[in-house]
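Colleague: predicted model follows, preceded by the sequence.
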Amino acid sequence: MATTTGTFAQDTPSSDHFMFRPSTNGALVRYYQTKDTVIVDAEGHAVDQSTIRVGVGATMYYTTSGDRMIARKIVIGEGARTSQKKAGTTETKRRP
């Protein structure tokens with residue numbers, strides 16, 4: 001299973017797919033959902049499909065079937081945090 005981190009770029013609730021941007025300047029990628037796709041928050045709790053919204057960060061666990069990317073597990077809320085770490089963003093606390 002492959003993994004990518006990014007943000008949702010387009011979601012059509014009545015559709016079986018959504019568009020995901022793996023990086024800030026990356027091209028949009030279409031991922032397909034199935035009845036077996038699991039959607040959880042960063043703590044691992046199951047969440048509703050409605051949490052998939054444009055701009056929300058996530059980590060996508062997927063497989064391929066032909067030319068389709070099939071989302072197997074979506075971890076909502078991880079994407080933004082992971083992307084910041086990859087960009088080298090750090091927080092420094094000053095001593096009093």
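Modeller: Looks like it came in fine. Numbers count the residues shown, from 1 in each chain.
Colleague: secondary structure element holding the residue nearest in space to the middle of the chain?
Modeller: Compute the mean C-alpha point of the chain, and by Cα atoms, centre = their mean the closest residue is residue 58, 2.7 Å away. Element membership for residue 58 (DSSP states H and E) is strand 57-65.
Colleague: mind listing the strands that strand pairs with, and their directions?
Modeller: The strands beside strand 57-65 in its sheet (DSSP bridges) come out as strand 2-11 (antiparallel), strand 68-76 (antiparallel).
Colleague: got CSV for those, with distance to residue 49, mean neighbour count and mean pLDDT too?
Modeller: For glycine as for every other residue, the C-beta is placed from the backbone atoms N, C-alpha and C. Converted to CSV, those look like this (distance: least, Cβ to Cβ, whole Å; neighbours: other Cβ atoms under 10 Å; pLDDT from 0 to 100):
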stretch, distance to residue 49, mean neighbour count, mean pLDDT
strand 2-11, 9, 17, 91
strand 68-76, 10, 19, 96
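Colleague: of the ones you listed, which is nearest residue 38?
Modeller: Among those, strand 68-76 comes nearest to residue 38, with 4.7 Å by Cβ to Cβ.
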